[in-house]
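Chemist: Okay, here's the prediction I keep looking at, along with the sequence it came from:
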Amino acid sequence: MAPLAAAPRPAPAVAVRSAPGAASLEFVENKGQWDARARYAAALPSGRLFLENAALTYLFVDPAALPRHRGAPAETAPALPGDQVAGHAYTVHFEGASRQAHPVATGPTGEVRNYLQGSDAKRWARNVGSFRRVQYAGLWPGIDAAIYENAGQQLEYDFALAPGADAARVALRYEGAQAVALDAATGDLAITTAVGRVAELAPQAWQTDAQGRHQPVACRYTLSGSTVRFALGPYDHARALTIDPKVIFSSFTGSTDDNWGFTATYGPAGNLYSGGIAFGPGYPATRGAFQTKFGALCDVALIKYNTQATGPAARVWATYLGGSGTEFPHSLVTNALGEVVILGSTGSTNFPTTAGALSRRFGGGTELEPFQGGSSADILANGADMFVARLSADGGTLLASTYLGGSGNDGVLDPDPGVPATQRLAANYGEAFRSDVLLDGDGNVYVAANTNSPNFPGLGAGFNGTYRGGTSDGVVCKLPPGLGAVTWASLLGGSGADAAYSVQRDDAGRVYVSGGTTSPNFPATAGAYRAARPGGVDGFAARISADGRTLERSTYVGTAGYDQAQFLQLDAAGNAYLLGQTLGGNFPVTAGLYTNANGSQYIQKLDADLKTSLYSTVFGSGTGVNIVPTAFLVDDCERIYVSGWGGSTNSGNLGGSTRGLPVTADAAQRTTDGSDFYLAEFLPGMVGLDYATFFGEAGGRGEHVDGGTSRFDKRGIVYQAVCGGCGGTQGFPVPPGANTYTNRNGSANCNNAAFKMDFQPEVADAGPRRALCASAAPVALGGTPAGGVWSGPGVQRTAGGGYQFVPSAAGPGAFVLTYKVTTSGICQATLRVRYQVAPATVPEFAAVGPRCVSSPAVALVGAPAGGTFSGPGVTGNTFSPQVAGAGTHTLTYTVADSLACGAATQQVVVTSPVQAFASPDTTLCADQLRPFQLRGNPAGGTWSGPGVSASGLFTPPNTQNRGGTFELTYAVTQGVCQTTAVRRVVLAPASLTDVPLNLPVCAAAPQYAGLAPFDCVMMPALAGGTYSWDFGDGSAASTEAAPTHRYERAGTYRIKLTARYAGCEVITQFAPLEVGDVFVPNVITANDDQLNATFQPRFTCQPASLKVFSRWGQEVYATADYHNNWDAAGLPAGLYYYLLRDADDRQVKGWVQVIK
């Protein structure tokens, strides 16, 4: 809680976004959630980068096709069928790289992700880490690479060359791009895709002097076909060299990491849980342009925040949940164990479900477009089912998950744009998803939603199993904690459209729901507050028996115009409170209550039997709808709390603005741009406005919710999800002193923000719900204000006069403890809190075994699943010997849920390796072939590598005078640790003459290496030396290792290379290079003398096509692969015209005379 300096009222205790902070690029490890070829992945604008063992794969989707909110800048996307989105993938191969090369991440962010995607549980991954930097060691001999985000938030990769390493080995081959080209003006590399353009800026290279200063080295790209290399100027080969390109995603303006805010709730410790949808592509199936379903890019993103922390520590974990279609989260709730239950909707046939679930099959329905006027990519082409899922407290285990629905659409209203907003239920933006989920003390799940499935599961056990027509009925159901069945379900509606939005449960177990209806025959009961329909769109409230078999009471609510009851709350006496919207103009207002004339939001209190209105009133600006309600509370003192949003995002629906809403003098934010959140607290009995404030970005695109509910806890603290920063704006408010995860919007569109605000009412508090093990130590009982009296099972007085709860005295079970306060001025003197005691057990903990400090992290396995691992070096479910360090460490696996609890331990011994040394590197001249002994320290190790025995006797291998570089490894083993040192022996090649250049043969003229002008690529016999090339044409010598030299004229050239390897000078005289000239004959004599009988042009060394035309333009001959064999057979003598074209699209055209 962080109060504003100038106001007695509190500011939000935390304001968070789901985007990362100052450094936005995170390399997320692959623990099975993606294709195995990807070792890490990083989100990019409109795409993703996958890092493979010897390659980088880029995937982009068309940013114009991604969904945008109403009013967001429109982009033109190509017309594609259905919910298809255009994309493009290409791969950059590290050509010729070591087969042992692989990426290794460094710089952990400390954040945890979980991926529960698809129906194959083997692909689910938990405790997935992310990092700031990835390194490739030994990509090529002596050459490493590093990939990271630079200070300008650009993707950057470096190639680090050790002294003597050969820069010519660095080669990048681009596969799948539409075009790869060099910009002659800038030196940049341009990669063209079907959905945008990527630029790799002209590279820089440098060496570092003794003072650590960069000394630039001339560097540029060279491009041969689709392979890129680096041409370097002179540099000191005895020192390290760095080559440094930067990647710019110049035309990708969107972001597939947009996160839209839907729903939020609180946990037992006051943590904030925020749910939304996130867009991000998976590993590409093919390279090049492709089309994919938008649903494959969209999943539920659930994030847990610690509101007592700030910065990266504030995000406890993030879990991604979904299938191959589109998912939307509607409502969240937690239990005493911190487990999270999610109610949502899905269009996926492979949504992740668990064994024993009620349904693991998608029922589907008819096509739905929940965001009318947004993007065709939002369409649920095969309809929607609801899903209910229960996550473990660490977010990494799907404890239970099921589809919930029948053969029609379930959980999503159709906001038909052909019906005026005041005549339909989905009258507000995002209201297609309005529904609610609730838990009782035993973990049973209650759902209030809508359906048009006449075969919705469990209807036989409820008060009504008959679908009465219309576009939808409300549905209310109860499921057990394991989600393996429906205890009871009932349809609630008439012949029009009906939907249940909010659900509560009283102390007797009876279920209350509220919602909206257009049915003239809604099942209102006799004696209810309003048994007759007021008219238009109406609200309703209903009470259902605890066993679900009886509709005890049901009533209409509203006027002859538009009215809905979006929220319902119960007070301690069981009275029902409704919050909703009204446009009827004459909603009843009880005399003496707080009210605003012609207000469009109402609050009504009904008695527990729903027979009598105890009071009602309206509030608002008086000029139409102001807010879409998102959270509602009646606390134990009957104070009333409201949260909602209004503004431009609701245009095209009921519209509205937050301008003109009343605020109090101590408001955290007293002004509005018309599109903000509005929060208010009303005094008990609605006799006054105690506090009201706006909350939102000034001049932004309008904070809103994309659908779903948020919550207040009973202390009057609101936990609110927000879709904010739309358009990539950065002004989401963070009051002074408030804790934050980040105040940066890392998306170019919208981001899932959230806030927690404490209204600080004077109220007694018995503390949070607790879940304990039967073997746990006694727990001190507090309570505020202090001095109260505790009672209940397991409660004992302490020697100091306080109270404690003794789990072993209570035994396993669920218990309600009572705290009675005697302090005056507290509105409620008796409070109750629920404690759950689980039976003790000893879980299984799979043995880890001894490890070396340098060993990789190992996955920890325990049973039953869902427990928590702890101990030195433990993060999530992995143990890192490097983090733990040398020593004997005690690791613990703890299980704590409603079924069992306990702990198992084991000791893991981690050993430090000894440091190994090998004698210095050596260079041998070609005639130094005598064996010699290698030395290593400490003694007793083992040598391996070419030409070396285990004891270290090295015999230079026979290289046929070509020389070689031999890496010899000295390994020392101590316990489970093995350390190595490497000694490099360079055997210089011999000086030779008449050495072949190994150039490809010119297919059209095999007697030549090429035709002038001819670019000749030259390679030394051995890398790692210093070079001087004499090209034999009188041009200046080159010191490049592998130069490309152009011969402008035909001729015979003798090339000489003088190379030096340490003290060895090697002179190589190459075989003569024959370069021919371009020649196209203009006459052939196609007679029987077999001389000059065919057309034999010499203009390219590549395969070429030939077309021949008569003088009247008629094509008389054509071939795509010409072999100098056209002899004008069957044609008369005369003049013909030809067109030659090679594989590089070079062409020659002219005439040829045929003589016969």
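Modeler: Looks like it came in fine.
Chemist: Can you give me the domain boundaries for this protein?
Modeler: 25-114+132-248, 259-758, 770-838, 844-911, 917-987, 992-1076, 1083-1155 (automatic domain parsing).
Chemist: And the strands in the stretch 1001-1150 of the chain?
Modeler: 1010-1011, 1014-1017, 1026-1030, 1044-1047, 1051-1053, 1056-1061, 1064-1070, 1073-1076, 1083-1085, 1104-1109, 1115-1119, 1134-1142, 1147-1155 (DSSP state E, counting those that start in this stretch).
Chemist: tell me which helix or strand of the chain sits lowest on mean pLDDT?
Modeler: Least confident helix or strand, the chain: strand 2-3 with a mean of 24, by mean pLDDT, DSSP states H and E.
Chemist: Of all the strands of the stretch 1001-1150 of the chain, which one comes closest to residue 854?
Modeler: For the strands of the stretch 1001-1150 of the chain, proximity to residue 854 was assessed by CB to CB; strand 1056-1061 is nearest, at 33.5 Å. For glycine as for every other residue, the C-beta is placed from the backbone atoms N, C-alpha and C.
Chemist: Please enumerate residues in contact with the closest one?
Modeler: 923, 925, 963, 986, 988-989, 1018, 1020-1022, 1024-1030, 1032, 1065-1070 (CB atoms under 8 Å, 6 or more residues apart in numbering).
Chemist: Could you tell me which of the residues you listed count as buried?
Modeler: Neighbour-count burial (16 or more other CB atoms under 10 Å) is assigned, among the contacts of strand 1056-1061, to 923, 925, 963, 986, 988-989, 1018, 1020-1022, 1024-1027, 1029-1030, 1032, 1066, 1068, 1070.
Chemist: Just give me how far stretch 1092-1106 sits from the chain centre.
Modeler: 55 Å (CA atoms, centre = their mean, to the nearest Å).
Chemist: swap in stretch 960-976?
Modeler: That offset, for stretch 960-976, works out to 42 Å (CA atoms, centre = their mean).
Chemist: average model confidence for it?
Modeler: Averaged over stretch 960-976, pLDDT sits at 92.
Chemist: how about it: buried residues?
Modeler: 963-966, 968-970, 972-973.
Chemist: Which of these fall in strands?
Modeler: 964-966, 968-970, 972-973 (DSSP state E).
Chemist: Out of those, which comes closest to residue 555?
Modeler: Distance to residue 555, by CB to CB, is smallest for residue 973 among these, at 80.5 Å.
Chemist: mind listing the strands for the stretch 301-450 of the chain?
Modeler: 315-322, 327-334, 340-346, 385-391, 398-404, 436-439, 445-451.
Chemist: quick revisit: for the buried residues of stretch 960-976, give me CSV that also has distance to residue 87.
Modeler: Below are the buried residues of stretch 960-976 laid out as CSV (distance: CB to CB, whole Å):
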residue, distance to residue 87
963, 47
964, 45
965, 43
966, 46
968, 47
969, 44
970, 49
972, 50
973, 49
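Chemist: Out of the residues you listed, which is nearest to residue 1148?
Modeler: Comparing the buried residues of stretch 960-976 against residue 1148 with CB to CB places residue 963 closest, at 43.5 Å.
Chemist: Report the separation between that closest one and residue 908.
Modeler: As judged by CB to CB, to the nearest Å, residue 963 and residue 908 stand 48 Å apart.
Chemist: Residue 1044 too?
Modeler: In terms of CB to CB, residue 1044 sits 56 Å off from residue 908.
Chemist: do residue 943 as well
Modeler: 32 Å.
Chemist: same deal with residue 236?
Modeler: Distance of residue 236 to residue 908, given as CB to CB: 48 Å.
Chemist: Then residue 509?
Modeler: 49 Å.
Chemist: which of the two has more neighbours?
Modeler: residue 908 (21 against 14; other CB atoms under 10 Å).
Chemist: got a list of what the more buried one touches?
Modeler: Counted by CB under 8 Å, 6+ apart, residue 908 has contacts 848-851, 879, 884, 888-889, 891.
Chemist: Run through the bridge partners of it.
Modeler: residue 889 (DSSP bridges).
Chemist: list the contacts for residue 100?
Modeler: Contacts for residue 100 (CB under 8 Å, 6+ apart) come out as residue 138.
Chemist: Determine whether the claim that it is in a strand is correct.
Modeler: No: under DSSP: H, G, I helix; E, B strand; the rest coil, residue 100 sits outside any strand and is assigned coil.
Chemist: Any idea which of the domains of the chain gets closest to residue 125?
Modeler: domain 25-114+132-248 (3.9 Å).
Chemist: Quick check: bridge partners of the closest residue to residue 1031 other than its chain neighbours?
Modeler: In space, residue 1031 comes closest to residue 1045 once its chain neighbours are excluded; the distance is 5.0 Å by CB to CB, 6 or more residues apart in numbering. Residues in a beta bridge with residue 1045, per DSSP bridges, are residue 1016.
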